[in-house]
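J.: structure for this input, please:
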Amino acid sequence: VLGPVRAWIAEREIELGAARQRSVFAVLAAHASRLVGRDELITAIWGDSPPATAAGNVYTYVSGLRRSLEPGMLSTESGGYLLRLDPAQLDSGRFQQLRSVAAERLAAGDSAQAASRLDEALRLWRGDAYAGLAGPFLELDRQRLAELRLAAAEQRARILLESGGDDGLIAELTGLVNDNPLHEPLHELLMRALHRAGRHAEALEVFRAARRTLVAELG
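T.: Numbers count the residues shown, from 1 in each chain. Below you'll find the predicted structure:
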């Protein structure tokens, strides 16, 4: 789900159907191995004003997904749906696990391993989460995951900077600042990286540019 929503059984990619059906799958995957009530699923997909056909549509989408999935993987229970999926089989779950391991390694003083785990976590991303899909739940979860991605990128950059940096750190931070101009810690890290590299005039210009942006956007 960290990009366009796709799924595989072993090495075989499975057909998830059209956008709305993929959205149903994405919501169920985000609640892996937890029962999602039919009304909860309808609200997640359509919000507070679902069409009159919503319940029938969900039934159709779930039926379509069952034809693609292995028997028993998606079941109907107590007025809801359950997708049996280990969080470790989901890239967003793996991303969270790697962030937790990185935090443990950093707390233990092993910054190199912490940075390596964050590298691995960030490589899981293939674009915006749930790319191309809409719906109230997916919009909120997309924002949540984007914030976690940014936090991981910031933490990795901070670890590398404290360890002396690397050849690509300034370019990476420049890209992050351009993409997230209101995230103040990224400006700080870029200024420090430039200063450490002896590029003092550029570090001061980053400060001035950050100040202009924050004044203009946030007052």
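J.: what stretches of the protein score poorly on pLDDT?
T.: Nowhere does the chain drop to pLDDT under 70.
J.: for it, which segments count as helices?
T.: With DSSP state H as the criterion, the chain has helices at 19-30, 38-46, 54-68, 91-107, 111-122, 136-162, 169-179, 184-196, 200-218.
J.: so how far is the fifth one off the chain centroid?
T.: So the one you mean is helix 111-122. Its chain's C-alpha centre and that of helix 111-122 lie 16 Å apart, by Cα atoms, centre = their mean, to the nearest Å.
J.: same check, this time on the third one
T.: How far helix 54-68 lies from its chain's middle: 26 Å, per Cα atoms, centre = their mean.
J.: buried sites along that helix?
T.: Using 16 or more other Cβ atoms under 10 Å as the test for burial, helix 54-68 gives 54, 57, 58, 61, 62, 64, 65, 66, 68. Every C-beta, even on glycine, is put in place using the N, C-alpha and C of the backbone.
J.: if I read this right, residue 115 contacts residue 163, doesn't it?
T.: Yes - with contacts counted by Cβ atoms under 8 Å, residue 115 reaches residue 163, the gap being 7.4 Å.
J.: the more surrounded of the two?
T.: Just comparing residue 115 and residue 163: by other Cβ atoms under 10 Å the higher neighbour count belongs to residue 115, 22 against 13.
J.: just to revisit the earlier point, let me have the buried residues of helix 54-68 in JSON lines, extended by distance to residue 95.
T.: Listed next are the buried residues of helix 54-68 as JSON lines, based on distance: Cβ to Cβ, whole Å:
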{"residue": "54", "distance to residue 95": "31"}
{"residue": "57", "distance to residue 95": "30"}
{"residue": "58", "distance to residue 95": "28"}
{"residue": "61", "distance to residue 95": "26"}
{"residue": "62", "distance to residue 95": "26"}
{"residue": "64", "distance to residue 95": "28"}
{"residue": "65", "distance to residue 95": "23"}
{"residue": "66", "distance to residue 95": "27"}
{"residue": "68", "distance to residue 95": "24"}
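J.: please name the residues that touch the residue positioned nearest the centre of the chain.
T.: Central residue of the chain (Cα atoms, centre = their mean): residue 145, 3.4 Å from the mean position. For residue 145, the contacting residues are 1, 2, 92, 95, 129, by Cβ atoms under 8 Å, 6 or more residues apart in numbering.
J.: and stretch 209-219, how far out from the chain middle?
T.: 27 Å.
J.: done for today, thanks.
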